[in-house]
Structure formats: C-alpha cells, structure tokens
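Asker: pasting a predicted model and its sequence here:
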Amino acid sequence: MKKRGNWNKSGQVWLETVIYTLIAFTLIGLVLGYAKPKIEEMQDRAIIEQSVEILKGIKSTISSIGTAGNQRIVEILINKGILKIDGKNNKIIMKIESRAGYSEAGQTIEVEGMEILTEKLGDLNLVTLTTNYGENYNITYENQDIIKLLNQAKTSYKLSIENRGFKDNKTLIELKVI
C-alpha cells in the first residue's frame, strides 16, 4: 500500500483530541442544561417541606404554652422566602418563590390546619403557607398588632413565643425575635 499525502500523525492525534473534547463538553452541557433545573426543583421542594415543618412547630409551640407567663424559644432557619407575622389579622404566613409547586396552581389546599396556595409567576411558583390563629388567639409582635417580616438568612432566628394571658375570649400570644 502506498501512503497518500504527507499526513503528520501527531497533528491528526491533536485534531482528534480537540474534536472529542468538544463533543464531551457539548454532552456535559446538554446534561447539565436538563439536570440543573430538576436539581433546583428538588431543592425547592425540600425547602417548602421544611417551611411547612417550621409553621407546624410554631403552631405546636403556641398550643403547648397553655397558661399565662409560659414562654418558649423556637429556632427558625429561613433558607428561602419570607416569614410574615401578621398581628393585625392573627396569621403567620410564609411566602416562597420556587421552581416547585406544592399544589396545583390556583388551588388552596389545607394541611393540618394550614392553608397552602400555589400561584404561577412565569417560570416560577409563589407558594404561600398560611396559619390563621384568629379564632382562638390574638397574635402580637412585641405586644403590638403589627406586621413583622423575617427574611431569609444564613443564621437561625430565635423566636420567643409567650402566653400573655386571656383577653376578649382569646389567648394573647406575643412573638418577638431575640
């Protein structure tokens, strides 16, 4: 057999290496383009579940401090979203922008006395978790009927929950960050 042309074998090896590397990078990019949103959605789902547990813990603490003067400290880590203490309406609300939804968009569901609403915001969902204490409790923040927002943070909030007695057929519950 005769050789055709003067091929430089080392040049051919380098060319093949570059082509295979480009193909590998393209495949990695395609896999990451699909996998990253799914991973973020799974992380968001876990954060929503954690937020549900936070609100359940607060509700459990409020119902366990039965007599006036009892106080408990609850540590709350807010990885994503905003916790709203609404003293005016006696509610505690958590809002989270997420890739994952908790329920069908526009549908309010009830889970253990908590209302959960998922609303569509473009590519994202706004998940709103609401615990309404209006029937039995008067929720205040630092002894005032105000709205207090707790934003996401790297460190835990220490939330003091205190039973301040009974007034107008409702148990007075004072919340404050310490």
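Answerer: Okay, I see it.

Asker: immediately after the longest strand along the chain, which helix or strand?
Answerer: Ranked by number of residues, the top strand in the chain under DSSP state E is strand 157-167. Going down the chain from strand 157-167, the next helix or strand is strand 170-177, by DSSP states H and E.

Asker: and that next one, which strands flank it?
Answerer: Using DSSP bridges, the strands paired with strand 170-177 are strand 137-141 (parallel), strand 157-167 (antiparallel).

Asker: reformat those as CSV; add mean neighbour count and distance to Thr108.
Answerer: In this view, the C-beta of every residue, glycine as well, is placed from N, C-alpha and C. Shown next, in CSV, are the strands paired with strand 170-177 (neighbours: other C-beta atoms under 10 Å; distance: least, C-beta to C-beta, whole Å):
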stretch, mean neighbour count, distance to Thr108
strand 137-141, 20, 21
strand 157-167, 15, 26
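
Asker: turn the ones you listed into JSON lines, including distance to Asn79 and mean pLDDT.
Answerer: Shown next, in JSON lines, are the strands paired with strand 170-177 (distance: least, C-beta to C-beta, whole Å; pLDDT from 0 to 100):
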{"stretch": "strand 137-141", "distance to Asn79": "22", "mean pLDDT": "96"}
{"stretch": "strand 157-167", "distance to Asn79": "12", "mean pLDDT": "95"}
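
Asker: right, so of these, which gets closest to Gly57?
Answerer: strand 157-167 (9.8 Å; C-beta to C-beta).

Asker: what's next to that closest one, contact-wise?
Answerer: Under the criterion C-beta atoms under 8 Å, 6 or more residues apart in numbering, residues 58, 61-62, 65-78, 138, 140, 143, 150, 171-178 lie in contact with strand 157-167.
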